[in-house]
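A.B. asks: model the structure of this input:
(2 chains)
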Number of protein chains: 2
Amino acid sequence: MSSKAVFYHAGCPVCVEAEQQLASALDPARFNVEIVHLGTHKERIDEAAKAGVKSVPALVIDGLPFHINYGAALDDVR
Amino acid sequence: MSSKAVFYHAGCPVCVEAEQQLASALDPARFNVEIVHLGTHKERIDEAAKAGVKSVPALVIDGLPFHINYGAALDDVR
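C.D. replies: Next comes the predicted model:
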């Protein structure tokens, strides 16, 4: 059974690096990783905020938010 | 061939959560993850700083530092 992981980003250089190195490093046998670009999918910003995401890039694993370095504040993506 | 990943922490609650959820989520087929407690292994703080680590918890993958949420500044661990 795989867990849900969602990687939220906004296309920034810090985001791209985190996606290539970290989001892609998760164990595919255990995690189903969804990549969400909040700049082009603004309708999902509220969902990210509800999960506790304050900035991007961020990875939400089993509902827990992990902010990875700092690309942009969530409010700046709105 | 597996890549080297080092998870630096200082035993703080934020660190423990990141270790349990994120460091342990990496693909074991691709990553050899070393867990380093800088509070008890202060001799490795300089190594973390050289990799670009500014705060803990942090995960260094293939030499690139990813700061995960914020537990403590590296200087506060010294």
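
A.B. asks: is the longest strand seen in chain A positioned near chain B?
C.D. replies: The longest strand of chain A (DSSP state E) is strand A:64-73. Yes - using CB under 8 Å from any CB of the partner chain, strand A:64-73 comes into contact with chain B via A:L64, A:P65, A:F66, A:H67, A:I68, A:N69, A:Y70. To be clear about C-beta, it is placed using only N, CA and C from the backbone, and glycine gets the same treatment.

A.B. asks: other SSEs contacting that strand?
C.D. replies: Where contact means 3 or more CB pairs under 8 Å, 6 or more residues apart in numbering or on different chains; DSSP states H and E, strand A:64-73 is packed against helix A:13-21, strand A:55-61, helix B:13-21, strand B:64-73.

A.B. asks: let's see that with 6 Å instead.
C.D. replies: helix A:13-21, strand A:55-61, strand B:64-73 (3 or more CB pairs under 6 Å, 6 or more residues apart in numbering or on different chains; DSSP states H and E).

A.B. asks: for that strand, which positions count as buried?
C.D. replies: A:P65, A:F66, A:H67, A:I68, A:N69, A:G71, A:A72 (16 or more other CB atoms under 10 Å in any protein chain shown).

A.B. asks: next, give me the two most distant ones among those residues.
C.D. replies: A:F66 and A:A72 (16.1 Å; CB to CB).

A.B. asks: before we move on, back to that, as CSV, the helices and strands packed on strand A:64-73 with distance to B:V36 and mean pLDDT would be great.
C.D. replies: Shown next, in CSV, are the helices and strands packed on strand A:64-73 (distance: least, CB to CB, whole Å; pLDDT from 0 to 100):
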stretch, distance to B:V36, mean pLDDT
helix A:13-21, 18, 95
strand A:55-61, 21, 97
strand B:64-73, 13, 96
